[in-house]
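> What follows is a predicted structure for the sequence shown.
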Amino acid sequence: MQRTPQQWSYWEKDLFLDGIEVTVLGAGIVGLTTAIFLKRLRPDWKIQVLDQWTIGGGATTRNAGFACFGSPTELVSDLTTQDEAATFALVKARWDGLQLLKETVDMQKADYVPCGGYELFFSEDELAWADTVDQIPRFNQLAHEATGVKNAYQIKTPAESGLPFSGLRQVVYMPHEARIHPGKMHQLLVAQAINMGVPVIRGVEVEHIHTDGQYAQMTTTDHGILRTRQIVVATNGFTRRLLPELDVQPARNQVLVTEPVPGLTWDGTFHYQEGYVYFRRIGDRILLGGMRHIDKMAEMTDDLSQTTVIQEALEHFLFKRILSGKKVAITDRWSGILGVGAQKWPILKRLDNNIIVAVRMGGMGVALGTGLGQQAAALTIS
């Protein structure tokens with residue numbers, strides 16, 4: 001049954017339809033920071049943010065809350081497809097993005113904790129360790145040049161780290177990592193945008209965008225055709241629904257959270273197998289996510305459901321490695337959608353006079369998103 005498009009009142013048209021200079025599609029970290037920086041640059045412009053989800057939906061409020069910039073095995077992997085300059089330029093972009101995020105919102109209100117991070121190597125990871133250990137001095141040099149921080153990667157024995165995980169053989173400690181509450185971070189960005197006069201409108205699904213040379217038009221599921229001077233597409237993992245020609249594919253990351261586990265003694269952000277597996281504490285609970293590399297093609301989807309293959313793999317790692325055989329109940333399971341592609345650099349470009357895209361965070365939206373939003377705002381007024 002075909003739905004009748006919503007009929008707008010005069011007041012709604014005056015606020016949300018007439019004279020809109022820029023419409024940002026996507027109310028994640030990139031979309032919101034684009035709107036915030038754009039409003040700072042052009043306070044007289046009518047700017048709005050549209051999002052298809054009533055609550056959350058993509059990656060900004062569904063990620064693990066890591067403020068990180070690249071673990072050693074991830075860097076080793078990156079160096080198989082690009083050179084040192086490109087790899088550590090991306091490290092710099094992540095680091096700079098995190099600093100800009102901290103300047104943009106009060107991260108203490110987002111439960112920011114500089115807990116440090118760890119890359120883990122278990123008994124079956126001898127080859128990965130051999131590929132990594134000799135690179136650490138060079139990585140420290142390049143990371144210092146890129147970020148200004150010293151000793152970003154520090155080799156530790158399990159005893160030195162104090163970590164109790166079963167079968168742990170080697171550890172790389174990353175003292176400059178932190179954890180946050182991504183939902184609270186998102187709320188801070190939404191509140192800032194609204195306080196600046198930028199409405200954040202949820203539940204508007206855009207099915208198609210096109211331009212007539214003067215305006216951009218958005219065909220929506222339930223709200224008819226909306227018109228704006230410019231569109232900034234910041235839909236990351238859902239971008240192919242609007243712009244299938246771009247090199248950005250969805251990648252589902254599945255997550256679980258346990259019931260409270262008494263007696264946890266460790267803290268930090270934890271990375272394993274090139275960052276495909278990650279975990280942290282939330283109070284006395286354990287959040288564990290990832291494993292998409294074991295079923296990669298099936299996880300190249302924007303379907304937010306979970307699968308038995310991935311969930312069983314996560315539980316096996318949880319019970320065997322993190323909890324050393326102890327069983328606990330799982331209270332929460334969900335999925336988030338990343339935007340990935342052949343390259344890890346985000347896509348930022350103007351497609352025509354009316355449409356700009358700022359997408360493809362490659363799983364590093366917390367680190368890259370604010371910087372990309374600032375750049376997208378600058379491109380919009382150019």
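That came through, no problem.

> per-residue confidence for the residue nearest to residue 210 when sequence neighbours are not counted?
Of all residues beyond its chain neighbours, the one nearest residue 210 is residue 217 (5.7 Å), with distances taken as Cβ to Cβ, 6 or more residues apart in numbering. In this view, the C-beta of every residue, glycine as well, is placed from N, C-alpha and C. Note on residue 217: pLDDT of 94.

> what's near enough to touch residue 217?
209, 210, 211, 225, 226, 227 (Cβ atoms under 8 Å, 6 or more residues apart in numbering).

> Next secondary structure element downstream of whichever helix or strand it is part of?
Using DSSP states H and E, residue 217 sits in strand 216-220. Sequence order places strand 225-228 as the next helix or strand after strand 216-220, per DSSP H and E.

> what sits up against that next one?
With contact meaning Cβ under 8 Å, 6+ apart, strand 225-228 is reached by 17, 20-23, 48, 204, 206, 215-220.

> now do stretch 361-372
With Cβ under 8 Å, 6+ apart as the test, stretch 361-372 has contacts from 28-30, 33-34, 59-60, 63, 65-69, 93-98, 100-101, 104, 180, 182, 185, 236, 251, 253, 275, 338-341, 344-346, 348, 358.

> Pull the distance from it to the chain's centre.
How far stretch 361-372 lies from its chain's middle: 6 Å, per Cα atoms, centre = their mean, to the nearest Å.

> and what of stretch 10-20?
For stretch 10-20, the separation from the chain centroid amounts to 32 Å (computed by Cα atoms, centre = their mean).

> Only the buried residues of that stretch, if you could.
By neighbour count on 16 or more other Cβ atoms under 10 Å, the buried set for stretch 10-20 is 16, 17, 20.

> Now go through those and say which are in strands.
Among the buried residues of stretch 10-20, none falls in strands (DSSP state E).

> Listing partners with orientation, what would you give for the strand holding residue 217?
strand 206-211 (antiparallel), strand 225-228 (antiparallel) (DSSP bridges).

> what's the most buried one of those?
Mean neighbour count (mean count of other Cβ atoms under 10 Å) peaks for strand 225-228 among the strands paired with strand 216-220, with a mean of 18.

> just checking, next helix/strand downstream of it?
Counting by DSSP H and E, the next helix or strand C-terminal to strand 225-228 is strand 230-233.

> Now that following strand: average pLDDT?
98.

> Who are the packing partners of whatever helix or strand comes next after that strand?
With elements assigned by DSSP H and E, the helix or strand that comes after strand 230-233 is strand 249-258. On a contact count with 3 or more Cβ pairs under 8 Å, 6 or more residues apart in numbering; DSSP states H and E, strand 249-258 meets strand 285-290, helix 308-317, strand 330-340.

> just to revisit the earlier point, out of the buried residues of stretch 10-20, which are inside helices?
Taking DSSP state H as the definition of helices, the buried residues of stretch 10-20 contribute residue 16.

> Nearest to residue 145 among the buried residues of stretch 10-20?
residue 20 (43.3 Å; Cβ to Cβ).

> circling back: filter the contacts of stretch 361-372 down to the buried ones.
Among these, those classed as buried by 16+ other Cβ under 10 Å are 28-30, 33-34, 59-60, 63, 65-69, 93-98, 100-101, 104, 180, 182, 185, 236, 251, 253, 275, 338-341, 344, 346, 348, 358.

> Just the ones in helices from these, please.
Judged by DSSP H, those include 29-30, 33-34, 93-98, 100-101, 104, 182, 185 as members of helices.

> per-residue pLDDT, the closest residue in space to residue 97 that isn't next to it in sequence?
Counting by Cβ to Cβ, 6+ apart, residue 97 lies nearest to residue 371, which is 3.7 Å off, once chain neighbours are set aside. Per-residue confidence (pLDDT) for residue 371: 99.

> need the next SSE after the helix or strand containing residue 118, C-terminal direction.
Assigned by DSSP H and E, residue 118 falls within strand 117-122. Beyond strand 117-122 in the direction of the C-terminus, DSSP H and E gives the next helix or strand as helix 126-133.

> which secondary structure elements does that following helix contact?
If you count contacts as 3+ Cβ pairs under 8 Å, 6+ apart, helix 126-133 packs onto helix 72-78, strand 117-122, strand 168-174.
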